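Novice: curious how this folds, go ahead:
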Amino acid sequence: MSPIWIITGKEVRDSLRNRWVLAAALLLAALALSLGFLGSSPTGSVKVDPLTVTVVSLSSLSIFLIPLIAMLLAYDALIGEIERGTMALLLSYPISRNQILAGKFIGHLIILTLATTAGYGLAGIALQLAHGGIDVEAWQPFLSLIAASIILGAAFLAMGYLISAKVKERGTAAGIAIGVWLFFVVIFDMALLGVLVADTQQTITAPVVEAVLLFNPTDIYRLLNLTGYENTAMYAGMAGLSEQLSLSLPVLLAAQVLWVAVPLALAAWIFGKRQI
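Specialist: Residues are numbered from 1 along each chain as shown. I've put the predicted structure just below:
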């Protein structure tokens with residue numbers, strides 16, 4: 001068996017023993033269910049499927065929870081092993097650092113995928129059964145939400161690995177991870193909004209704003225979920241924006257995948273040069 005899959009299996013088993021999957025799935029399911037049932041009043045009056053309401057709500061609130069879960073999984077993935085001395089022992093075996101990194105990343109991505117799929121998926125089934133039955137058409141944007149959530153989590157996993165490969169102490173890694181999460185989830189959009197409000201001469205054009213949004217994976221996540229389907233765009237009040245948006249779905253997906261690939265490649269490069 002490949003060393004990558006051996007390490008992947010170990011990470012998955014460790015997370016299952018630590019109840020990571022169960023805890024994260026329950027948390028995500030609780031979030032989806034609460035948002036879905038709280039939004040049941042407008043769905044009854046405007047004849048909107050509860051999953052549509054849930055997609056719109058989760059598109060804004062998942063950016064707080066999923067990146068945080070990913071960061072908690074990844075911030076000490078490398079530095080933790082180095083501090084405990086197990087990384088030196090692991091490297092004494094015929095296994096490369098890239099294989100260690102890949103195995104750990106895939107393992108954590110599997111955990112995140114299981115938690116997201118189980119949490120949101122079970123919540124979606126419960127919501128539709130509570131509102132009269134399964135509507136296959138309404139599941140298209142909801143499944144897209146789950147897929148986009150997994151890619152968003154993978155981006156923050158990669159950033160967590162980059163932090164873990166660079167720092168010298170777990171405490172430092174934890175502080176930087178929280179700072180990175182806070183920057184992308186809160187500070188970035190607040191700063192952009194402040195700049196747009198201060199731009200009274202309207203010198204910042206729409207293409208510039210769209211380009212700036214690509215520098216934040218959480219904004220890409222919002223655009224993927226809220227402008228990808230007509231019903232979600234209409235209910236979110238973004239139908240006009242989705243028609244004017246020059247960023248196509250392939251561009252948004254490519255940008256989000258780059259947010260996974262670039263930090264992970266940097267983490268591999270730094271980890272490969274690090275003296276242990």
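Novice: from now on I want contacts and neighbour counts done on CA atoms only, so please keep to that.
Specialist: OK.
Novice: for the protein, which spans come out with low pLDDT?
Specialist: Across the chain, residues meeting the criterion (pLDDT under 70) sit at 1, 36-53, 131-138, 227-245.
Novice: for this structure, which segments count as strands?
Specialist: Along the chain, counting by DSSP state E, no stretch forms strands.
Novice: most distant residue from the centre of it?
Specialist: Outermost residue of the chain with respect to the C-alpha centroid, by CA atoms, centre = their mean, is Q201; its distance is 35.4 Å.
Novice: any idea how far S62 is from the nearest residue to L247 once chain neighbours are set aside?
Specialist: Once flanking residues are discounted, L247 sits nearest to E210: 7.3 Å by CA to CA, 6 or more residues apart in numbering. Distance, E210 to S62, using CA to CA, to the nearest Å: 21 Å.
Novice: can you pick out the residue with more neighbours from these two?
Specialist: Neighbour comparison, E210 and S62: the larger count goes to S62, with 22 against 15 (by other CA atoms under 10 Å).
Novice: residues contacting that one?
Specialist: Taking CA atoms under 8 Å, 6 or more residues apart in numbering as the contact definition, S62 lies against S149.
Novice: for I150, same thing?
Specialist: Applying CA under 8 Å, 6+ apart, we find I150 in contact with L109, L112, T113, T116.
Novice: apply 7 Å and report the result again.
Specialist: L112, T113, T116 (CA atoms under 7 Å, 6 or more residues apart in numbering).
Novice: closest to N225 out of the residues you listed?
Specialist: Using CA to CA, T116 is the member of the contacts of I150 that lies nearest N225, at 15.4 Å.
Novice: give me the number of residues near the closest one?
Specialist: The local packing count at T116 equals 25, with neighbours defined by other CA under 10 Å.
Novice: measure the closest residue in space to it that isn't next to it in sequence to W5 for me?
Specialist: By the measure of CA to CA, 6+ apart, the closest residue to T116 outside its immediate chain neighbours is A25, 6.2 Å from it. As defined by CA to CA, A25 lies at a distance of 24 Å from W5.
Novice: cool, and N18?
Specialist: 20 Å.
Novice: between the two, which one's more packed in?
Specialist: In terms of neighbours (other CA under 10 Å), W5 is the more surrounded of N18 and W5; the figures are 17 against 11.
Novice: from I79, how far out is the spatially closest residue to that one that is not a sequence neighbour?
Specialist: Computed as CA to CA, 6+ apart, the closest residue to W5 that is not its neighbour in sequence is G103, at 6.0 Å. Going from G103 to I79 by CA to CA gives 15 Å.
Novice: of those two, which one has the most company?
Specialist: In this view G103 and I79 are compared by other CA under 10 Å, and I79 has more residues nearby, 25 against 22.
Novice: not counting sequence-adjacent ones, nearest residue to that one?
Specialist: Per CA to CA, 6+ apart, closest to I79 is S164, 5.3 Å.
Novice: list the contacts for that neighbour?
Specialist: The contact partners of S164, by CA under 7 Å, 6+ apart, come to Y75, D76, A77, L78, I79, A173.
Novice: swap the cut-off to 6 Å and go again
Specialist: S164 makes contact with Y75, D76, L78, I79, A173 under the criterion CA atoms under 6 Å, 6 or more residues apart in numbering.
Novice: the second one and I7, how far apart?
Specialist: Applying CA to CA, one obtains 16 Å for the distance of D76 from I7.
Novice: of these two, who's got more company?
Specialist: Neighbour count, other CA under 10 Å: between D76 and I7, D76 has more, with 25 against 20.
Novice: okay, the contacts of S164 in CSV with distance to P217 next?
Specialist: Formatted as CSV, the entries for these read as follows, by distance: CA to CA, whole Å:
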residue, distance to P217
Y75, 18
D76, 22
L78, 23
I79, 25
A173, 20
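Novice: ok, these vs T218, which is closest?
Specialist: Looking at the contacts of S164 and their distance to T218, the nearest is Y75, at 18.5 Å (CA to CA).
Novice: and the closest one, what does it touch?
Specialist: Contacts were defined as CA under 6 Å, 6+ apart; by that measure Y75 touches G160, S164, A173.
Novice: tabulate the residues you listed (TSV), appending distance to A267.
Specialist: As requested, the contacts of Y75 are exported to TSV (distance: CA to CA, whole Å):
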residue	distance to A267
G160	9
S164	8
A173	13
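Novice: which of those fall within helices?
Specialist: Among the contacts of Y75, the residues falling in helices (DSSP state H) are G160, S164, A173.
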